[in-house]
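Student: please work out how this folds:
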Amino acid sequence: MNRIKRIFVFCCFLAFLTATRVLANTLPADSSLYSTDTLPRRELLSIKTNLLLDVAYMPGYNRWCPIPNIAFEYYPKSGHITFGASFDMPWWQNYRKHKYFQVRNYQVEGRYYLRANKANESYGTNRTNRTNRAYETYGSNGAAFKGFYLSAYVHAAVFGICFDADRGWVGEGAGAGIGGGYVMPLSKNGHWRLELGLQAGFFRCKYDPYKYENPVNPAYHDDLYYYKWTGKPELFKKRQYRWNWLGPTRVGITLSYDLLYRRIQKRGASFKWKERRAAQ
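Tutor: I've put the predicted structure just below:
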């Protein structure tokens with residue numbers, strides 16, 4: 001039954017991916033967004049959130065547990081490759097029911113977009129020609145990095161998860177893997193995007209199980225949590241257990257917004273996506 005559910009979810013994901021690709025191809029390129037006295041800037045840095053994590057449900061915790069998450073993606077001047085980083089930090093706790101869902105996950109990622117972002121900085125030294133050609137390029141292309149991409153990532157996490165008084169785990173781990181996805185503009189100027197992505201890889205962690213109250217002397221009550229260790233105290237060592245995972249590690253339906261834009265007529269960055277054309 002679990003395998004059937006996984007296959008069904010994966011098929012739905014592929015269907016959604018195909019539908020959004022068709023929709024993206026129907027979006028018109030509207031050059032009327034840009035007036036003759038302004039130049040639209042290319043994206044430099046975007047900020048994102050994974051909507052699936054924002055509405056996450058935690059099995060065992062038996063409740064909705066939104067996972068606060070934030071990500072950034074840096075876009076170079078040209079080429080296929082971008083760089084990103086993300087941070088997830090759910091910090092749910094219910095001491096009375098002995099339920100904890102506390103994780104800090106740090107990830108860095110590199111992406112290769114199959115569609116190249118053509119250089120817009122090599123227009124020569126003549127400012128008039130450079131700004132005119134920049135206008136044509138920006139006005140016609142909108143978002144530079146979009147479509148299908150491949151990715152590679154590494155991540156590290158620390159966690160403390162507890163479902164009840166007798167089932168708790170605390171530890172840390174790290175992993176790496178590959179992924180892929182599709183980015184489609186949601187607005188005509190391309191500053192809002194929707195990303196569909198899937199990652200798979202290897203994750204290895206060291207952990208210790210723990211429980212509420214003393215495991216050696218259950219009659220002793222001190223309202224504390226203890227490692228599940230009944231041997232001699234001097235023989236105890238932290239992180240005696242290992243857990244390995246090879247398979248899917250993340251599914252994302254991510255909302256992205258361009259936060260910073262690259263200036264055209266001089267170096268630097270700006271929060272504004274347009275700049276006034278220099279006097280000729």
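Student: okay, strands next: where are they in the stretch 101-250 of the chain?
Tutor: All strands of the stretch 101-250 of the chain, identified by DSSP state E, counting those that start in this stretch, fall at 147-164, 167-185, 192-212, 225-227, 241-262.
Student: now find how far off-centre the third one is within its chain.
Tutor: Relative to the chain's own centre, strand 192-212 is displaced by 12 Å; criterion: CA atoms, centre = their mean, to the nearest Å.
Student: surely Ile161 and His98 touch.
Tutor: No - with contact defined as CB atoms under 8 Å, Ile161 does not reach His98; the gap is 11.4 Å. No exception for glycine: its C-beta is placed from N, CA and C like everyone else's.
Student: now do the shared contacts for those two.
Tutor: Applying CB atoms under 8 Å, 6 or more residues apart in numbering, one finds that Ile161 and His98 are jointly contacted by Gly168.
Student: give me the pLDDT for Leu255.
Tutor: Per-residue confidence (pLDDT) for Leu255: 96.
Student: repeat for Lys118
Tutor: What the model reports as pLDDT for Lys118 is 63.
Student: again with the one 3 residues further on
Tutor: Glu121 carries a pLDDT value of 41.
Student: so where's the stretch 1-150 of the chain shaky on pLDDT?
Tutor: Scanning the stretch 1-150 of the chain for pLDDT under 70 picks out the ranges 1-36, 38-39, 118-143.
Student: switch the cut-off to 50
Tutor: Scanning the stretch 1-150 of the chain for pLDDT under 50 picks out 1-5, 7-9, 11-12, 14-35, 119-128, 130-132, 134-141.
Student: circling back to that earlier point, for Ile67, which of the strands of the stretch 101-250 of the chain is the nearest?
Tutor: With CB to CB as the measure, strand 241-262 is the member of the strands of the stretch 101-250 of the chain nearest Ile67 (11.3 Å).
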